[in-house]
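heads up, no residue letters with this:
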């Protein structure tokens, strides 16, 4: 019975993070996640191939937003300004639910070495997406790579800042501010 | 019978890379690796917990060398020069066997998403080791992090250059050259 379930994806993510936080990632089954979400195992597998993928939800979309933002920046834009445009575009992903999930997800990942590996790979792929989008703009290597690495650092740091309870700024504002700080710090390398 | 086997570790790594290249990582068993190396399964497990760890051999030692090299640089040294000292220290790891294994290992990793995740995590940990060693020198954040990321990029790129058949330079020479190129490229970000 493949009927439509409202917000099934978000309900599954929420249930998974709740259970991973309460009883640990390894001790949680797909059936438990589906039950907690008030959905069936079949519905779970319609959205995710396994419990690990629940934690990578939206990853492809995020890479795509970064690419589009960088590609869409005006031709005259500097490499780092193009990265900032990519981070602006990524802001579309940052919903109130994301803000709530973020710190809890980080705690789950920090407790599991397998998830840490996956998380490192996610970061690597986001950086690669940005580097490729910069290359397509004609930015030369290794400027592409350095700009993309700074973009990756800005992304991670701005995300942490954005999820802080007292924060009132948008992700885009924080990402641009962090990118400026990182750029300024490159002058302190020597 | 726990007798001493000369070069058992290197023989196991060589056998594993041979088999992974020939028949794929997923299709290779620990027993096959031990047999190809002319050793027993027991000897294999004395050196590695599983076949995946064969590909991470020396990772801890490498992180330690980077840390020690950075810690041992003179007090007046700039952050990037301290990173270069870390890369110098890492040169101890780069034996002729490593030079032969490097490109074949990269091909095995490129063919397997699980190994790519592990590889991304290894890179993340090397960068973290460098960032921590810089922090202990009193280098402020985010300079620590940027210098460590450039060190990570220099490490990967210099390793690839070092394994090229026509290369006649040492890893240390290539790492310092690459680090200078990366540093120069930071001026092209805006």
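Received, thanks. Since we're looking at a predicted model, the values are computed, not measured.

make it CA atoms for all contacts and neighbour counts henceforth
Fine.

Any chance you could list what contacts the longest helix along chain A?
Assignment by DSSP state H gives helix A:113-136 as the longest helix of chain A. Around helix A:113-136, the neighbours that count as contacts under CA atoms under 8 Å, 6 or more residues apart in numbering or on different chains are A:52, A:56, A:59, A:62-64, A:66-68, A:70-71, A:79, A:82-83, A:86, A:109-110, A:141, A:144-145, A:147-149, A:151-152, B:116-118, B:120-121, B:124.

again with stretch A:152-172
With CA under 8 Å, 6+ apart as the contact definition, stretch A:152-172 has outside contacts at A:87-88, A:90-91, A:94, A:99-100, A:102-103, A:123, A:126-127, A:174-176, A:178-179, A:182.

Could you give me the buried positions within that stretch?
A:152, A:153, A:154, A:155, A:158, A:159, A:160, A:161, A:162, A:163, A:171, A:172 (16 or more other CA atoms under 10 Å in any protein chain shown).

Now for these: which two are most distant?
With distances taken as CA to CA, the most widely separated pair in the buried residues of stretch A:152-172 is A:152 and A:163, at 16.9 Å.

circling back: tell me the angle the helix or strand following the longest helix of chain A makes with helix B:143-162.
Using DSSP states H and E, the next helix or strand after helix A:113-136 towards the C-terminus is helix A:143-162. Using axes from the mean of the first three to the mean of the last three CA atoms, to 10 degrees, the direction of helix A:143-162 lies 150 degrees away from that of helix B:143-162.

and helix A:143-162, average pLDDT?
Averaged across helix A:143-162, pLDDT comes to 97.

Around chain B, which positions in chain A sit nearby?
A:78-81, A:116-118, A:120-121, A:124, A:142-143, A:146-147, A:149-150, A:181-182, A:185-186, A:188-190 (CA under 8 Å from any CA of the partner chain).

7 Å instead, please
Chain A has residues A:78-80, A:117-118, A:120-121, A:124, A:142-143, A:146-147, A:182, A:185-186, A:188-190 near chain B, with proximity defined as CA under 7 Å from any CA of the partner chain.

Let's see the PyMOL selection covering just the buried ones among those residues.
With 16+ other CA under 10 Å as the criterion, this PyMOL line picks the buried residues out of the residues of chain A next to chain B:
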select buried, chain A and resi 78+79+80+117+118+120+121+124+142+143+146+147+182+185+186+188+189
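
Narrow the contacts of helix A:113-136 to just the buried residues.
Buried members of those, scored by 16+ other CA under 10 Å, are A:59, A:62-64, A:66-68, A:70-71, A:79, A:82-83, A:86, A:109, A:144-145, A:147-149, A:151-152, B:116-118, B:120-121, B:124.

Pull the number of nearby residues for residue A:25.
19 (other CA atoms under 10 Å in any protein chain shown).

SS state for it?
When classified by DSSP: H, G, I helix; E, B strand; the rest coil, residue A:25 comes out as coil.

Check the gap between it and chain B for me.
Using CA to the nearest CA, to the nearest Å, residue A:25 is found at 18 Å from chain B.

any idea how far residue B:135 is from that residue?
Counting by CA to CA, to the nearest Å, the separation of residue A:25 from residue B:135 is 32 Å.

Could you name the helices and strands sitting against whichever strand or helix holds residue A:67?
In the assignment (DSSP H and E), residue A:67 maps to helix A:59-71. Other elements packing on helix A:59-71 under the criterion 3 or more CA pairs under 7 Å, 6 or more residues apart in numbering or on different chains; DSSP states H and E are helix A:79-90, helix A:113-136.
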